[in-house]
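Q: What would the 3D arrangement of this be:
(chains A, B, C and D)
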Amino acid sequence: MTALPREILICTIAGLLHDVRHVAVGASSPMPAAGAMLRRALDEDRRKVRLSILGSVEHNFFTNGSTELFDSAGQGRLDAFFLGGGQIDGMANVNLVGVGTYPQMSVRWPGSFGSAYLYFTVPRVILFREEHSPRVLVEKVDFISAPGISAPDTYRPGGPVALLTSKALFSFDSQRPGFRLESVHPGHSLPEIIEATGFTFDHDDTPPLTPEPDAATLSMLRGRVLDELSETYPAFAAQWRRDLAETIPHGASA
Amino acid sequence: MTALPREILICTIAGLLHDVRHVAVGASSPMPAAGAMLRRALDEDRRKVRLSILGSVEHNFFTNGSTELFDSAGQGRLDAFFLGGGQIDGMANVNLVGVGTYPQMSVRWPGSFGSAYLYFTVPRVILFREEHSPRVLVEKVDFISAPGISAPDTYRPGGPVALLTSKALFSFDSQRPGFRLESVHPGHSLPEIIEATGFTFDHDDTPPLTPEPDAATLSMLRGRVLDELSETYPAFAAQWRRDLAETIPHGASA
Amino acid sequence: MAEHLRALASLVRPGMSLALPVDYAGVSMAMTRPLIRHGAGDLHLVCVPTGGLQVDQLIGAGLVRSVETSAVSLGEAGGAPRFNDAVKKGGIRVMDATCPAIHAGLMAAQKGVPFMPMRGLIGSDILAQRADWQVIDNPLETGDSIAIIPAIHPDIAIFHVPMADRDGNVWIGRRRELAAMAYAATQTLVTVERIVDRSLLADETTAAGTLPALYVDAVAEAPRGAWPYGLWGEYATDTDEMVRYATAARTPEGFADYMAQEVCA
Amino acid sequence: MAEHLRALASLVRPGMSLALPVDYAGVSMAMTRPLIRHGAGDLHLVCVPTGGLQVDQLIGAGLVRSVETSAVSLGEAGGAPRFNDAVKKGGIRVMDATCPAIHAGLMAAQKGVPFMPMRGLIGSDILAQRADWQVIDNPLETGDSIAIIPAIHPDIAIFHVPMADRDGNVWIGRRRELAAMAYAATQTLVTVERIVDRSLLADETTAAGTLPALYVDAVAEAPRGAWPYGLWGEYATDTDEMVRYATAARTPEGFADYMAQEVCA
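A: The predicted structure follows:
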């Protein structure tokens, strides 16, 4: 079985979520949701992984309104969260507000949502943005919705640990500070990634390839996880199923 | 119809509650509850008077736990509240903690409950204590659970407006500051009240008598209010009914 | 029904601040056109904690002076076209926030305190741009800075829920941000799918999810009143209609045409 | 059942702080004797916001170092005899508070902030006696002083409610101080009248009054587990038994005799 690119991303996400007890996923985030569902399925025999999908009625066990996610983060009960960003820079600053000079920006995005709090309080924030281009991965963001690092007098139990794109996986070191290329996804190369990244980052001369999932994991992903996902993201799941049908040779076991 | 002493107290309480929209009554406070129920009955055609009895399931419309009463006071949604006190002094300081030197007091009472907050935030706090003696109405309390007056830099939209005992009704002037005898209950006298009060207070040479309720009010009190009260305070209501049966001549209309 | 909605809308006066809920919590879309017809403008909107279709339409109709929000978008249907356009043209003032800061401001109002402390924020441009927010030294620990968020006191909160009873108690279920809005606001206007005859406070099961009438100033029936948004436990979002609006409202003219159409949910 | 209660009690270790609810909110009286038998002492009790029978019995059994509370009493049955005696003899340290200050401390923990500001208090001996509380200048307005209450982080919250489901979600109804205790505490132990097979989160009506299992560490069945206190929506307080205790516990010997008796609710 050969994994689809999105399947490699989802499995990479599940890997980044090792040992979490409670992970939250923003609205309209099918791949982080699938990664968290895969993590839950993989760990089922060992421990309970709780998954909150914001805005979802089914995958939301909160009963105290939209404040409860943030409260649970403040209490240290939320281990991992995903953050996107119209712009992300080399200091892991995230911009969800817009391009240009604030406030009358030339491009306005929706806004910062909970980033300026969760980025400080959730121990494992995973930056996830499929588009890997100099437009997104910039040297310096135009507006800091949430800063990647903080001064010592700022309470900060949380922060970024990784940046995952369609091309590569980076880790973030808040001490240095900066990103380090951990692996390159199949089909991509270091020069291409340097070209597509607006900030400098650490890397090996020959960075490893992002591993593909083993057969058992892939089968769990295409079975149970895909089923679970279709409840919340029917369109994404249907497209995935169509792509699988096209990719996998007829008669091959799925 | 001649009113019983407790009926005069209840009607006096109802008078002090003129124009309230929302009044809260502590647990084990049958007379303040009856006064509030009478106020609600008297105003029924003009406006809705809301009544919260703490610790009661029936007369409690709160749905956010025991914090909601205090929150509603902080929001300015609670107009009147009753406060007792093991000791009350001439500056309207209230002591609900004990007698002697804190912390190892010779007499320990339960504690301050919400007084140190509600006394500041509820515009019309009515001090209600039946026992009128130098032991209760002292020159200076041994422990200030809640102060009667505050410095100008202290946020204080609320505070004491009256002190009602089994012998008399006082008003409180936070500007002077001090109590003023407003009226003496039937059967009591100014010299007796001076003797029984541990602090000095303003008074006319011939203070007025606390008015007795008119027949319509008394009939409402003994009918509807007494019925309502028996749900929450069955023992108090039953005793009241027994006392009425003994006092009122047979054959008189009640 | 339309008359009742107009009566509710008429309580809004020019210059007031309105608290409006997040798209999945119960947006009173039924009130949007009555508010626009009523025409009270110069409004300040407080999105709890983000805004969407209703906010975009009130902005498009020219009724909005400023918006405090953590985001404005149409979700799956994309960016909020009238909001984005107004920002670019400087037509409205945006007080950019982050979700828990808006909750903190409402909580301060609920508790009757002037501010709430809040973690996070420090080092963000959100904080840098908010002159009304401050950073203080934590009085309990040296070498620890913390942001403080002033109380938010909306003049009017407006939302939509499944039901109310005849006493004016409204059922908010687990959407407790609706209660937070009502506690903080001076007045609260609620539209409902239906009015029920039994008291919502009469049994502990429904009481648990009920906002008492103490906090509710007016209730009006508006079946499918959140449409095209969904309402929890009742109906799903009409994504096609959201997309239809998103497409139409790309231009002021398209927006005007869309809003002029009769609504049928 | 008794074994389960013992298992819960064994999670309490000497020196821990326990949050316990007000008498009408759902006191887990069923846990009192297991806690005493387990014997972990040097406890700090946080009464949310006042204490009664359970607090008096834990004090009488010598397990309590200190109590933060707004009051301790047996309600209609009078003063709390073992509490009053311990105060007079200096056997426990009382941190006298006022109800909303305890709620404020728990709220600070719920929000993950070091403190909450609170109105009132200034000029009281409650404030004067609390070295851990402070008064600061309101940073937003000159000439305005305000008290700040540090976060309260109990090690364990213990309470009793009508039901839990098999996933560990517990139904707290409108007694939301129980949720506040659980949010603030590191661990939460819950006794219930019954365990139900359906999920409490499966429909919006019961979900509205449910504390999710995320905050619940252990659940045990204990029918009539609040007795002699009542439980909202279930049964009334047994006033005769409260009076019987109040009378017996006037002396240490009477207290010991009462506690040695087998309990039958």
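
Q: For chain A, what's the nearest residue on the stretch 1-150 of chain C?
A: Distances between the stretch 1-150 of chain C and chain A by CB to the nearest CB are smallest at C:Ala71, namely 3.3 Å. Every C-beta, even on glycine, is put in place using the N, C-alpha and C of the backbone.

Q: so what's that residue closest to, chain neighbours aside?
A: With sequence-adjacent residues excluded and distances taken as CB to CB, 6 or more residues apart in numbering or on different chains, C:Ala71 is closest to A:Gly111, at 3.3 Å.

Q: for A:Ser115, same thing?
A: By the measure of CB to CB, 6+ apart, the closest residue to A:Ser115 outside its immediate chain neighbours is A:Ala146, 4.1 Å from it.

Q: Provide the backbone phi and psi angles at that neighbour.
A: According to degrees, to the nearest 10, the main-chain angles of A:Ala146 amount to phi -150, psi 130.

Q: and it, bridged to which residues?
A: A:Val94 (DSSP bridges).

Q: what ranges do the strands span in the chain?
A: Went with chain A since none was named. Along chain A, the stretches classed as strands by DSSP state E are A:22-25, A:50-53, A:80-83, A:87-89, A:94-95, A:98-99, A:107-108, A:124-128, A:137-138, A:160-164, A:168-173, A:178-184.

Q: should've been chain C
A: For chain C, the strands defined by DSSP E occupy C:17-21, C:43-48, C:64-69, C:93-96, C:115-118, C:134-137, C:145-150, C:156-165, C:170-171, C:187-196, C:210-211, C:218-221.

Q: give the contact list for residue 149.
A: No chain specified, so I'll use chain A. For A:Ile149, the residues meeting the contact criterion (CB atoms under 8 Å, 6 or more residues apart in numbering or on different chains) are A:91-92, A:159, A:174, A:177.

Q: The chain in question should be chain C.
A: Contact criterion CB under 8 Å, 6+ apart gives C:101, C:104-105, C:108, C:115-118, C:133 as the residues in contact with C:Ile149.

Q: picking that back up, the residue nearest to C:Ala71 - how many residues pack around it?
A: A total of 28 residues lie near A:Gly111 under the criterion other CB atoms under 10 Å in any protein chain shown.

Q: What confidence value was assigned to the residue nearest to A:Ser52 when sequence neighbours are not counted?
A: Closest residue in space to A:Ser52, ignoring its immediate chain neighbours: A:Ala24 at 4.4 Å, by CB to CB, 6+ apart. With respect to pLDDT, A:Ala24 has a value of 95.

Q: Identify the residues contacting A:Ala24.
A: Here A:Ala24 is in contact with A:51-54, A:69, A:73, A:78, A:80-82, A:122 (criterion: CB under 8 Å, 6+ apart).

Q: Just give the nearest non-adjacent residue to C:Val170, would you?
A: In space, and not counting its chain neighbours, C:Val170 is closest to C:Ala164: 4.4 Å by CB to CB, 6+ apart.

Q: Kindly report the same for A:Ser174.
A: Using CB to CB, 6+ apart, the closest residue to A:Ser174 is A:Ile149 (5.1 Å).

Q: Filter the contacts of A:Ala24 down to the buried ones and hand me the ChimeraX line.
A: To isolate the buried members of the contacts of A:Ala24 in ChimeraX, using 16 or more other CB atoms under 10 Å in any protein chain shown:
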select /A:51,52,53,54,69,73,78,80,81,82,122
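
Q: least confident pick among the contacts of A:Ala24?
A: Going through the contacts of A:Ala24 one by one, the lowest pLDDT turns up at A:Leu54, 78.

Q: Was I right to think that one contacts A:Glu68?
A: No. With contact taken as CB atoms under 8 Å, A:Leu54 and A:Glu68 are classed as non-touching, separated by 10.7 Å.

Q: any idea how far D:Ala40 is from A:Gly114?
A: When distance is defined by CB to CB, to the nearest Å, A:Gly114 is 39 Å away from D:Ala40.

Q: again, but for A:Pro208
A: Applying CB to CB to A:Pro208 and D:Ala40 gives a distance of 51 Å.

Q: quick one, which of those two is more surrounded?
A: For A:Pro208 versus D:Ala40, neighbours defined as other CB under 10 Å are more numerous around D:Ala40 (17 against 11).

Q: what residues are up against that one?
A: Counting by CB under 8 Å, 6+ apart, D:Ala40 makes contact with D:9, D:12-14, D:16, D:63.

Q: Check C:Ile158 too.
A: Listed by CB under 8 Å, 6+ apart, the contact partners of C:Ile158 are C:8, C:18-20, C:28, C:31, C:188-191.

Q: Tell me the bridge partners for it.
A: Beta-bridge partners of C:Ile158, counted by DSSP bridges, are C:Leu189.

Q: Stretch C:213-224 vs chain B: in contact?
A: Yes. Among the residues of stretch C:213-224, C:213-215 lie within reach of chain B under CB under 8 Å from any CB of the partner chain.

Q: May I see the buried residues of that stretch?
A: If you call a residue buried by 16+ other CB under 10 Å, then stretch C:213-224 has these buried ones: C:213-222, C:224.

Q: go on, stretch A:169-182?
A: Within stretch A:169-182, the residues that qualify as buried are A:169-172, A:178-182, counting by 16+ other CB under 10 Å.

Q: Now tabulate those in a markdown table and tack on distance to chain D.
A: Supplementary listing: the buried residues of stretch A:169-182 in a markdown table, determined by distance: CB to the nearest CB, whole Å:
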| residue | distance to chain D |
| --- | --- |
| A:Leu169 | 29 |
| A:Phe170 | 28 |
| A:Ser171 | 26 |
| A:Phe172 | 23 |
| A:Gly178 | 28 |
| A:Phe179 | 28 |
| A:Arg180 | 30 |
| A:Leu181 | 34 |
| A:Glu182 | 31 |
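
Q: which of the residues you listed sit farthest apart?
A: Across those, no pair lies farther apart than A:Leu169 and A:Gly178, at 15.0 Å, counting by CB to CB.

Q: Spell out which parts of the stretch 101-250 of chain A neighbour chain D.
A: Applying CB under 8 Å from any CB, we find that the stretch 101-250 of chain A lies next to chain D at A:Thr121.

Q: now the helices: where do they sit in the stretch 101-250 of chain A?
A: Defined through DSSP state H, counting those that start in this stretch, the helices belonging to the stretch 101-250 of chain A, from first to last, are A:115-121, A:190-196, A:215-220, A:226-232, A:234-247.

Q: Mean neighbour count, the ones you listed: which tops it?
A: Per-residue neighbour counts averaged over each of the helices of the stretch 101-250 of chain A give the maximum for helix A:115-121, namely a mean of 28 (mean count of other CB atoms under 10 Å in any protein chain shown).

Q: I'd like to know which elements it is packed against.
A: Helix A:115-121 makes packing contacts with helix A:68-74, strand A:80-83, helix C:99-111 when contacts are defined by 3 or more CB pairs under 8 Å, 6 or more residues apart in numbering or on different chains; DSSP states H and E.
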